[in-house]
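Colleague: below is the sequence, then the predicted model.
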Amino acid sequence: MALNDVEQQGVDREQGVDREQDIDREQGVDRAYDAPTVTVTVVYHSVHGHTRVLAEHLAEGARLVPGAEVHLAELRAEDVNAGRWNDPEVLALLARSDAVVFGCPTLMGSVSAVFKAFMEAAFTPFVTQGWKDKLAGGFTMSASQSGDKLAVLQQLAVFAAQLGMQWIGVGDMPGNNWSGGTRDDVNRLGSWLGLMSQSHADQGPEQAGSRGDLLTARRYGERIARLTQRWVNAVPYETPRMTEHEARVLSAALREADAAPAGR
Ligand SMILES: Cc1cc2nc3c(=O)[nH]c(=O)nc-3n(C[C@H](O)[C@H](O)[C@H](O)COP(=O)(O)O)c2cc1C
């Protein structure tokens, strides 16, 4: 069967044939030389290993990008004590990352408990605005086709927003929204806020997700790494940061300038 251009491109990419290299050659672009070095970290929690497979494919996609230094950081239950997660090495890695991709399974329609403990441990970068203007993305795995995964992606996106991060969505069209759609299709669950994947409840991590989910994970990882390069390569800009106290002082000064009474 003859493939159209879009299908052929998908097949080529899957087979590791990178058309971009031909275009670069024609235009004299040496990406290995021109591309800024960026650090992308995939930080995730997985109870039984399904989400780990998704994280690995995402990292694999990011590694396709010349200049991208890609790390996988697993959040471990043993690093949670009395409800508090702590792993200074992971926190140091995140502090020096240009982009952070957050991932966990959907458990009871929510992020997993270990991931939530990690979120609360990010209170320090919240108050110092330490992760402000890093790029962010997110992914989740569950057993049901929906399984309320959107609630988890929303939690992850709100978390990133609280930290002043810039969110990147999936950006792929839905391959599986028609009568010929299959589990192999790109963005087969039709999720744009972040990456959704589904694993059958009776299968282990060796069968995690579907061919389409893993393809989408690689594409999302590559997209995040490329957009991070675009982001860090833009006009240099040192983002202003302020403490809560400074925010109050600024508000009071503006009120005074307007001679406005304090609202509630
Ligand atoms: C306590 C618990 C709660 C779960 N809640 C949901 C849920 O809300 N929606 C869903 O579709 N699957 C749910 N699942 C299934 C998991 O999301 C699924 O098994 C996933 O693949 C686990 O990923 P992991 O292997 O990375 O831990 C739940 C599983 C457990 C054990």
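Modeller: All right, it came through fine.
Colleague: distance of T228 relative to the ligand?
Modeller: Using Cβ to the nearest ligand atom, to the nearest Å, T228 is found at 25 Å from the ligand. For every residue, glycine as well, the C-beta is placed using N, CA and C.
Colleague: any idea which element that residue lies in?
Modeller: Secondary structure assignment for T228, by DSSP states H and E: helix 211-232.
Colleague: starting at the chain centroid, how far to that helix?
Modeller: Distance of helix 211-232 from the chain centroid (Cα atoms, centre = their mean, to the nearest Å) equals 9 Å.
Colleague: tell me the helix or strand right after it.
Modeller: helix 244-258.
Colleague: follow-up on the earlier one: in the helix holding T228, which residues are buried?
Modeller: Residues of helix 211-232 classed as buried: 212-229, 231-232 (neighbour count, 16 or more other Cβ atoms under 10 Å).
Colleague: could I have the CA atoms of it written out in CSV?
Modeller: C-alpha atoms of helix 211-232 as CSV (Å, rounded to 0.1, in the frame of the first residue of the first chain):
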residue,chain,number,x,y,z
ARG,A,211,3.0,1.4,20.3
GLY,A,212,1.2,4.7,19.6
ASP,A,213,1.7,5.9,23.2
LEU,A,214,5.4,5.2,23.1
LEU,A,215,5.8,6.9,19.7
THR,A,216,4.0,9.9,21.1
ALA,A,217,6.2,9.9,24.2
ARG,A,218,9.3,10.0,22.0
ARG,A,219,7.9,12.8,19.9
TYR,A,220,6.9,14.8,23.0
GLY,A,221,10.4,14.3,24.5
GLU,A,222,12.0,15.5,21.3
ARG,A,223,9.6,18.5,21.1
ILE,A,224,10.4,19.5,24.6
ALA,A,225,14.2,19.4,24.0
ARG,A,226,13.9,21.4,20.7
LEU,A,227,11.6,24.0,22.3
THR,A,228,14.0,24.3,25.2
GLN,A,229,16.8,25.0,22.8
ARG,A,230,14.7,27.7,21.2
TRP,A,231,13.9,29.1,24.6
VAL,A,232,17.4,29.3,25.9
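Colleague: against which helices or strands is that helix packed?
Modeller: Contacting helix 211-232 under the criterion 3 or more Cβ pairs under 8 Å, 6 or more residues apart in numbering; DSSP states H and E are the following elements: strand 38-44, helix 50-63, strand 68-74, strand 99-107, strand 135-142, strand 195-198.
Colleague: TSV for the ones you listed, including mean pLDDT and mean neighbour count?
Modeller: Conversion of those to TSV gives the following (pLDDT from 0 to 100; neighbours: other Cβ atoms under 10 Å):
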stretch	mean pLDDT	mean neighbour count
strand 38-44	98	25
helix 50-63	98	23
strand 68-74	98	19
strand 99-107	98	27
strand 135-142	98	27
strand 195-198	98	28
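Colleague: okay, those in JSON lines with distance to W167 next?
Modeller: Formatted as JSON lines, these follow (distance: least, Cβ to Cβ, whole Å):
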{"stretch": "strand 38-44", "distance to W167": "15"}
{"stretch": "helix 50-63", "distance to W167": "15"}
{"stretch": "strand 68-74", "distance to W167": "19"}
{"stretch": "strand 99-107", "distance to W167": "10"}
{"stretch": "strand 135-142", "distance to W167": "5"}
{"stretch": "strand 195-198", "distance to W167": "12"}
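Colleague: good, wrapping up.
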